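[1] how does the following fold in three dimensions:
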Amino acid sequence: MTAIAPEFLEIEGTDIAVRCAPGAAPGVVWLGGYKSDMLGTKAETLAEWTAKEGRAFLRHDYSGHGESGGAFADGTISKWLGQSLAVFRRFTKRKQVLVGSSMGAWIALRMIQELHKAGDDSIAGLVLLAPAPDFTAELVEPVLTEAQKRDLTEKGFFEEPSDYSAEPYIYTRALIEDGRKNLVMTGPIDTHCPVHILQGLADADVPSSHALKLAALLPADDVTLSLIPDGDHRLSRPQDLDMLLRAVGDMVRRAG
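    Predicted structure coming up:
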């Protein structure tokens, strides 16, 4: 499938790349992970599926990601959350199902909080893949080395090799400090909608214990947790993609 060219929405001086396919509600909204873009395997799979279903599909690149403007190192959870909310409000109508991958699950949970504060109840369901809410505080800060702490203090960032790209991951002091302002796993999380979590037990980046902790904080009667014994963090194998489509399809039918 060849992706259509994006359109751009200017948000606080930065051009954010957006792809919005019209269709029936409930629509599907994709929220990608840290240093991922909207043309990845999972997003493209959802684009093909929603097109066949005649269902609306929305995706965008955060600033510093993919086709959007801005520098990656200038990004924070608050900034990427604000962009996601602006795109959501500009391009969606009626009920929507949010599909968040890794950091995108954190963005999705924060979006629900902010939308409900504004009296918006249009989120009809959540599908979270290898969810990494609060990853800066829960997964990065506890294992910082002395050298990384020194780099954060002296340079304002540290780098780590990536298994998914030739370029290293960059973690900035601003990202970590801002992450503390956006924590969602500090107590019960009221999503006001059903949630389906997909988590690989062979995930080397976000341990399954993190997904279990998240599930324990969500309303038990509205949560499904699917553990994939040999699934890694990407969850992009054919069998993983099939499970993703089943989960999204079930959530859409439930929401409809």
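
[2] which stretches of the chain have low pLDDT?
    Scanning the chain for pLDDT under 70 picks out 1-3, 164-165.

[3] so what touches stretch 72-91?
    For stretch 72-91, contacts defined as Cβ atoms under 8 Å, 6 or more residues apart in numbering pick out 9, 11-12, 14, 16, 18, 20, 29, 31, 35, 58, 60, 62-65, 96, 103, 106-107, 110-111, 114-115, 136, 157, 170, 172, 174-175, 178-179, 181-182. From N, CA and C alone the C-beta is placed, and that goes for glycine too.

[4] chain center to that stretch: distance?
    The chain centre lies 11 Å from the centre of stretch 72-91; the measure is Cα atoms, centre = their mean, to the nearest Å.

[5] show me where the stretch 101-250 of the chain has helices.
    103-117, 135, 146-154, 173-179, 208-217, 238-255 (DSSP state H, counting those that start in this stretch).

[6] could you dump those to CSV with mean neighbour count?
    Formatted as CSV, the helices of the stretch 101-250 of the chain follow (neighbours: other Cβ atoms under 10 Å):
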stretch, mean neighbour count
helix 103-117, 22
helix 135, 21
helix 146-154, 12
helix 173-179, 18
helix 208-217, 17
helix 238-255, 17
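
[7] need those in a markdown table with distance to residue 198, can you?
    Formatted as a markdown table, those follow (distance: least, Cβ to Cβ, whole Å):
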| stretch | distance to residue 198 |
| --- | --- |
| helix 103-117 | 10 |
| helix 135 | 17 |
| helix 146-154 | 30 |
| helix 173-179 | 23 |
| helix 208-217 | 9 |
| helix 238-255 | 6 |
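
[8] so which of those gets nearest residue 53?
    helix 238-255 (7.9 Å; Cβ to Cβ).

[9] what does the closest one contact?
    Residues beyond helix 238-255 that count as contacts (Cβ under 8 Å, 6+ apart) turn out to be 26, 28, 41-42, 45-46, 49, 53, 55, 95, 97, 99, 124-127, 129, 193-194, 196, 198, 200, 224, 226, 228, 231, 234-235.

[10] what subset of those is buried?
    26, 28, 42, 45-46, 49, 53, 55, 95, 97, 99, 124-127, 129, 193-194, 196, 198, 200, 226, 228, 231, 234-235 (16 or more other Cβ atoms under 10 Å).

[11] next step: those restricted to strands.
    Among the buried ones among the contacts of helix 238-255, the ones falling in strands (DSSP state E) are 26, 28, 55, 97, 99, 124-127, 129, 196, 198, 200, 226, 228.

[12] who's residue 198 bridged to?
    The partner list for residue 198 in beta bridges (DSSP bridges) reads residue 129, residue 226.

[13] list the contacts for it?
    So residue 198 contacts 127, 128, 129, 130, 226, 228, 231, 235, 240, 243, 244, 247 (Cβ under 8 Å, 6+ apart).

[14] what about 10 Å?
    Applying Cβ atoms under 10 Å, 6 or more residues apart in numbering, we find residue 198 in contact with 99, 101, 127-131, 211, 224-228, 231, 235, 240, 243-244, 246-247.

[15] quickly find the element holding residue 59.
    strand 55-60 (DSSP states H and E).

[16] what about that strand, distance to the chain center?
    Counting by Cα atoms, centre = their mean, strand 55-60 comes out at 14 Å from the chain centroid.

[17] that strand pairs with which strands, parallel or anti?
    Checking strand 55-60 against DSSP bridges gives partners strand 14-21 (antiparallel), strand 24-31 (parallel).

[18] kindly reformat these as a markdown table containing distance to residue 255.
    Shown next, in a markdown table, are those (distance: least, Cβ to Cβ, whole Å):
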| stretch | distance to residue 255 |
| --- | --- |
| strand 14-21 | 18 |
| strand 24-31 | 4 |
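
[19] pick the most deeply packed of those.
    Scoring those by mean neighbour count under mean count of other Cβ atoms under 10 Å gives strand 24-31 as the most buried, with a mean of 23.

[20] what angle do it and helix 103-117 make?
    Orientation check (axes from the mean of the first three to the mean of the last three Cα atoms, to 10 degrees): strand 24-31 against helix 103-117 gives 130 degrees.
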